[in-house]
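I'll drop the sequence and a predicted model, then ask my questions.
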Amino acid sequence: MRYCVVYDSSTSFLLGSGPAMECAEVLAKSCFCPVWILKGGYEGFSALYPFMRTQKILYTILELESLMSYPVEVLPGQLYMGDYRQATSLQIHKDLKLSAIVNVSEEMSDIFETCDCTVLHIPAADSAKADLIGSFERVCLFIGSYLNAGSSVLICSSRGISRCSAVVMAFLLHHMKFTLKEAWALVLRCKTNMRPNRGFVQQLSDWELCTLGVRKTSIAEPYY
């Protein structure tokens, strides 16, 4: 386990006292993992994510290992980023109310042919020599059309680490006028193991110049 999450019924602030705060303080003294408090508690979380709600309290190790993981949420209720297995799960399509999927991988499952989502396939390899920037404008316009209509979109790649994170950042630069540094920080906060390959980082730098008219982010820093 990497995190310990504490919650009560409806904690909405992290100042003062309360059951969740008291429990977290005790755990923090003896736990090697970070201790988090869930804002809004069970009530707030289950209202946003009813498909994750359960009355079950105790789990076996086998049950924990078989729990289905969901794509990470980049823009709440709108834009998600995940791997190919998540993108081909009809249950996830239903739970997240997906209207569209951007598949940035070389695979193309039969599920995409029969699901209710519109699928945009960008068949790119996870290679420093692969051309993603040539598809950035098309992808950004596709995603933007769905988000502007109030629909939700999932961007996926094989492992959900390199190609899809690059496309998510390209969209943030184009649609929200983020700098590459700002887009990188947001995606990294959502998914700590995201890592576009070096070729994609250079293409994102070129895309920043194209969308903002200036390179505001130096990719020479080791951070990138």
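Good, I have the coordinates. Please read all numbers here as calculations on a predicted model, not as lab measurements.

drop to CA atoms for contacts and neighbour counts, all remaining ones
Noted.

what bridges to the most centrally placed residue in the chain?
The residue lying closest to the centre of the chain (CA atoms, centre = their mean) is Val72, at 3.0 Å. Beta-bridge pairing for Val72 (DSSP bridges): Met81.

oh, and call the first residue 58 from now on, that's how I've got it
Fine by me, first position is 58 from now on; the one you just mentioned is Val129.

just checking, Val62 touches Lys96?
No: counting by CA atoms under 8 Å, Val62 stays clear of Lys96, with 10.3 Å between them.

So for the two, which sits in the more crowded spot?
Lys96 (19 against 12; other CA atoms under 10 Å).

My guess is the more buried one contacts Phe70. True?
Yes: the pair Lys96 / Phe70 is scored as a contact, 6.8 Å apart, by CA under 8 Å.

Name the residues contacting each of those two.
Counting by CA atoms under 8 Å, 6 or more residues apart in numbering, no residue touches both Lys96 and Phe70.

any idea how far Ser153 is from Arg216?
One correction, residue 153 is Leu, not Ser. Distance, Leu153 to Arg216, by CA to CA, to the nearest Å: 19 Å.

Those two: which has the busier surroundings?
In terms of neighbours (other CA under 10 Å), Leu153 is the more surrounded of Leu153 and Arg216; the figures are 20 against 15.

Against Gln143, how distant is that one?
Leu153 is 11 Å from Gln143, by CA to CA.

ditto for Ile190
Remark: distance between Ile190 and Gln143 (CA to CA) = 25 Å.

out of these two, which sits in the busier spot?
Gln143 (22 against 19).

mind checking pLDDT for the more buried one?
The score at Gln143 is 96. That number is its pLDDT.

isn't it right up against Tyr127?
Yes: between Gln143 and Tyr127 there is a contact under CA under 8 Å: 6.7 Å.

Common neighbours of these two, please.
Taking CA under 8 Å, 6+ apart as the criterion, Gln143 and Tyr127 both touch Ile149.

Could you break the chain into its assigned domains?
With domains defined by automatic domain parsing, the chain comprises 61-122, 129-269.

With respect to burial, which of the ones you listed scores highest?
With neighbours taken as mean count of other CA atoms under 10 Å, the domains of the chain reach their highest mean count in domain 129-269, at a mean of 19.

measure that one end to end?
First-to-last residue span, domain 129-269, CA to CA: 27 Å.

check contacts around the residue lying closest to His231 once chain neighbours are set aside.
The spatially closest residue to His231, leaving aside those adjacent along the chain, is Thr268, at 6.0 Å (CA to CA, 6 or more residues apart in numbering). Listed by CA under 8 Å, 6+ apart, the contact set of Thr268 reads 230-231, 234.

Looking at those residues, which is nearest Asp167?
Among the contacts of Thr268, His231 lies closest to Asp167 (CA to CA), at 30.9 Å.

you'd agree that closest one is in a strand?
No: if the criterion is DSSP: H, G, I helix; E, B strand; the rest coil, then His231 is helix and not within a strand.

all strands of the protein, in order?
Taking DSSP state E, the strands of the chain run over residues 61-63, 92-94, 129-132, 136-140, 155-160, 175-178, 209-214.

now stretch 261-277: mean pLDDT?
On average, stretch 261-277 scores 96.
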